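Q: Got a predicted structure plus its sequence, pasted below:
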Amino acid sequence: MSTPNASPVDASSEERILATDRLRSGDAALRLVASLPTWVRLFVAALTLALLFAGLQGLHDVAQTTVNGLVTGTYFALGAVGLALVFGVLRLINFAHGDFLTFAAYIAILFNVTLNLPIVLAAVLAVTATAALAIGLEFVLWRPMRTRGAGAFQLLLIAIGLAFVIRNGIQLFAGSLPRSLHVNNTNALNLVGHVRIGRTQLWVVLIGLVALGLVGVLLSKTRIGKEMRALSDNMQLAEVSGIDTRRVILITWIVAGALAGLAGVLSAAAIGVVTPNLGWSLLLSLFAASVLGGLQSAYGALAGGIVLGLAEEWSTMFVDPSWKYAVGFALLIVMLLVRPNGLFGKVSLR
Amino acid sequence: MSVLAFNLTALAHADFWLGAGIIAGVYSIFTLGLQMNVGFTGIFNFGQAGFMAIGAYAMAILILRFHWSPWAALPVATLCAMLAGLIVGIPALRLSPDYLAMATIAGAQIIQIVAQNGGTFTGGNNGLLGFDAEWQNIQLWMLGKLGKVGLGTQYALPLFLVTWATFLVLLGGLTVVQRTPWGRVLRAIREEEDAVAALGKNVFAYKLQSLALAAALGAVAGYLLSLNISLVYPQAFSADFTFIGFAGLVLGGVGSYAGVALGSLLLWFVLEGVRFVELPLAADKVAALQLLLVGLILVLVMVLRPQGILGKREEMVIRG
């Protein structure tokens, strides 16, 4: 906007016109930024932050915490994608999702440590068992409750009750002492400079990225993936367009359960020790990751998981690591307040 | 089944009933706040344990670090908890119920982490000790009086009496408040928020007042819990404990203040009773069994009788 009532000879008004011109060019820059895809903006923002932190704390610390953040972000993303799929399709905030991770970790320990099976086989069995748990709960609990038209309050408290039952059931059987999988947690690789990544952690990132890639393909390329997204967009519309919602809901639970299972095994391997509180303590981070991504967008949750992993690990450069989770929770609250639709808004759903 | 035999002599002991009665009373007060929010305003407060922590910590810190008298510390600590309710509520009450649930539980978790990492100021994981000198005097005085009726050796009785007297006073107050125009507006908000807004009421302000009052009730529960264990430490105010309150709430019934006491009493006699079943279990497994029962109660009540024992079905209209 120019200044309407100023006389052209007035020196101060000329200054003002110059100022508005500068503002205009600033606007153009803002418009350019706004026109970029969100993931590009996100990447640029992360890079800028990383460079800023590098200036403050040195390149090595930033590189090392970035590597750690990617490891954490991988299993955050796997867990958050499942949470987002379930919320998208069923409008249910599954408070028991974190405890699916714990369940998987302890099934893997049962097969890998107690029964001495190889880790890969134990992981496959754990992922299968978790998917079976998710689908079993759909049959005995969620489907009957939906048929009865249960309200949000009922569903939320059932999910919380389930979380308590799973977590404490595990503690009742396995005790609260920390357990570990038979994985190598001492061997580390030098990536570049003195930036290191554990051999196990490297596997975690690789397996996690492959799984996330497969989920991406499932959602974007396959018929069932498109049906899932259609359901999460508009349940009624999806139903009248002939989508078998029961089948889609079942497959959503299988995918969410399997991803939670994989996240549980990978987090157990990456962290090194497991207690029955593993999943409950990760749950709010998973919420934060999926809210960052827009809560019902699976792609968003994927990015949200990585962002949250980086945020929590980067924070350890400035504060004691025991504050790490608080950083995640604070990010959750900030996101709920300033962008409840997530970094990507609703656009990324389509 | 000798393994599962009840130790009946323990149940016959007054200590058991007094101990369970105190915790049930503390959680009844705690859950009055949840009832006000969930049952009578229709907002999901999942952070009640955090408000309880704020109250207890503020009280202990004012007494120990700033050498305040407990009689000055208690009202100020209650105001601190209400302030925390406002700080959480002003941004979070604008969100949808699901988001509010997540934001409040995150708030409670942050409070716990702050308490754990607060160094010597909050006492870290060891907590704060020695804030209850004044209470010890009152307790001795009460035991002296009780001695005259032959109850001078029931050391838990003074706290039991104070807890339940507090509960009854608060219950009476809330029952009256419920019948005022203010209370009716809260219930109207629960029923149909938009209609209340259309009548020109500031829905947001009412919700905020409801949350702040619940936080104050949480703080009162926090003081009594601290006196019961003579210690204020982070694990005593775990964010999970909000859901023990919810279990008592749904058991007694949503939308009934009296149901809160019934639900909490039933819940805690079961939970404390577990400790007297002779199970071959270590302490951590007994604790797990208790919380497992809390979860089971939540699931079963919500599936089988969502209105609870005393609640009315038509009072359950919280929308998602």
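A: Ah, there it is. Numbers count the residues shown, from 1 in each chain, chains lettered A, B, ... in the order given.

Q: okay, now residue 301: neighbour count?
A: As the question left the chain open, I've gone with chain A. Using other C-beta atoms under 10 Å in any protein chain shown as the criterion, residue A:301 is surrounded by 35 other residues. No exception for glycine: its C-beta is placed from N, CA and C like everyone else's.

Q: Chain B, not that one
A: If we define neighbours as other C-beta under 10 Å, then residue B:301 has 27 of them.

Q: so who does it touch?
A: In this structure, residue B:301 makes contact with B:247, B:250, B:251, B:308, judged by C-beta atoms under 8 Å, 6 or more residues apart in numbering or on different chains.

Q: so it, which of the three states?
A: Secondary structure for residue B:301, judged by DSSP: H, G, I helix; E, B strand; the rest coil, is helix.

Q: Tell me the spacing between it and residue A:292.
A: To residue A:292, residue B:301 is 34 Å away according to C-beta to C-beta, to the nearest Å.

Q: what sits against the residue nearest to residue B:64 when sequence neighbours are not counted?
A: Closest residue to residue B:64 in three dimensions, ignoring its sequence neighbours and counting by C-beta to C-beta, 6 or more residues apart in numbering or on different chains: residue B:131, at 5.4 Å. Residue B:131 makes contact with B:59, B:60, B:63, B:64, B:70, B:226, B:232, according to C-beta under 8 Å, 6+ apart.

Q: Max pairwise distance over the residues you listed: which two?
A: The largest distance within these, taken as C-beta to C-beta, falls between B:70 and B:232 and amounts to 13.2 Å.

Q: Which one of these two is surrounded by more residues?
A: Shown here are residue B:70 and residue B:232; by other C-beta under 10 Å, residue B:232 has more neighbours (28 against 18).

Q: I figured that one hits residue B:60, correct?
A: Yes - A contact is recorded between residue B:232 and residue B:60 when judged using C-beta atoms under 8 Å, the distance being 4.4 Å.

Q: which neighbours do those two share?
A: Taking C-beta under 8 Å, 6+ apart as the contact rule, residue B:232 and residue B:60 both touch B:128, B:131, B:226.

Q: quick revisit: got JSON lines for the contacts of residue B:301, with neighbour count and pLDDT too?
A: Supplementary listing: these in JSON lines, determined by neighbours: other C-beta atoms under 10 Å in any protein chain shown; pLDDT from 0 to 100:
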{"residue": "B:247", "neighbour count": "30", "pLDDT": "95"}
{"residue": "B:250", "neighbour count": "32", "pLDDT": "93"}
{"residue": "B:251", "neighbour count": "26", "pLDDT": "93"}
{"residue": "B:308", "neighbour count": "26", "pLDDT": "84"}
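
Q: Narrow those residues to those in helices?
A: Using DSSP state H, the subset of those located in helices is B:247, B:250, B:251.

Q: from the residues you listed, which is closest to chain A?
A: residue B:250 (6.5 Å; C-beta to the nearest C-beta).

Q: Low-confidence bits of chain A, can you list those?
A: Applying pLDDT under 70 to the predicted model, the residue ranges of chain A that meet it are A:1-36, A:344-350.

Q: Go again with 50.
A: Counting by pLDDT under 50, chain A contains low-confidence ranges at A:1-11, A:346-350.

Q: what's the answer for chain B, then?
A: B:1-4, B:318-320.

Q: ok, so of the ones in helices among the contacts of residue B:301, who is nearest residue B:172?
A: When the ones in helices among the contacts of residue B:301 are compared for distance to residue B:172, the smallest value, 22.0 Å, is given by residue B:251; criterion: C-beta to C-beta.

Q: what sits against that closest one?
A: B:262, B:263, B:266, B:267, B:297, B:301, B:308, B:309.

Q: Columns distance to residue A:192 on top of those residues, output as TSV?
A: Converted to TSV, those look like this (distance: C-beta to C-beta, whole Å):
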residue	distance to residue A:192
B:262	65
B:263	60
B:266	62
B:267	57
B:297	54
B:301	57
B:308	61
B:309	64
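
Q: So residue B:104 sits against residue B:87, correct?
A: No - Residue B:104 is not in contact with residue B:87 according to C-beta under 8 Å; the separation is 11.4 Å.

Q: Neighbour count for those two, which is higher?
A: Neighbours were counted for residue B:104 and for residue B:87 using other C-beta under 10 Å; residue B:104 has more, 30 against 14.

Q: got the phi/psi numbers for that one?
A: Residue B:104 adopts backbone torsions of phi -70, psi -40, taken as degrees, to the nearest 10.

Q: Can you name the residues that contact it?
A: Residue B:104 is in contact with B:44, B:45, B:46, B:47, B:50, B:88, B:92, counting by C-beta under 8 Å, 6+ apart.

Q: Could you find the closest non-adjacent residue to residue B:228?
A: Nearest non-adjacent residue to residue B:228 (C-beta to C-beta, 6+ apart): residue B:22, at 5.5 Å.

Q: Which secondary structure state is assigned to residue B:254?
A: Recorded secondary structure, residue B:254: coil (three-state DSSP).

Q: give me the number of residues near residue 258?
A: No chain was given, so I picked chain A. Using other C-beta under 10 Å, residue A:258 has 25 neighbouring residues.

Q: ah, no, chain B please
A: 14.

Q: Just list what the helix ranked longest in chain B packs against, helices and strands only.
A: Among the elements of type helix in chain B, defined by DSSP H, the one spanning the most residues is helix B:203-229. Taking 3 or more C-beta pairs under 8 Å, 6 or more residues apart in numbering or on different chains; DSSP states H and E as contact, the helices and strands that helix B:203-229 lies on are helix B:14-34, helix B:48-64, helix B:70-92, helix B:157-179, helix B:181-191, helix B:193-198.

Q: Give me the distance from it to the chain's centre.
A: Relative to the chain's own centre, helix B:203-229 is displaced by 8 Å; criterion: C-alpha atoms, centre = their mean, to the nearest Å.

Q: Please point out which parts of it sit buried.
A: Neighbour-count burial for helix B:203-229, with 16 or more other C-beta atoms under 10 Å in any protein chain shown as criterion, is recorded at B:203, B:206-228.

Q: for stretch B:77-88, same thing?
A: Buried positions in stretch B:77-88, judged by neighbour count with 16+ other C-beta under 10 Å: B:77, B:78, B:79, B:80, B:81, B:82, B:84, B:85, B:88.
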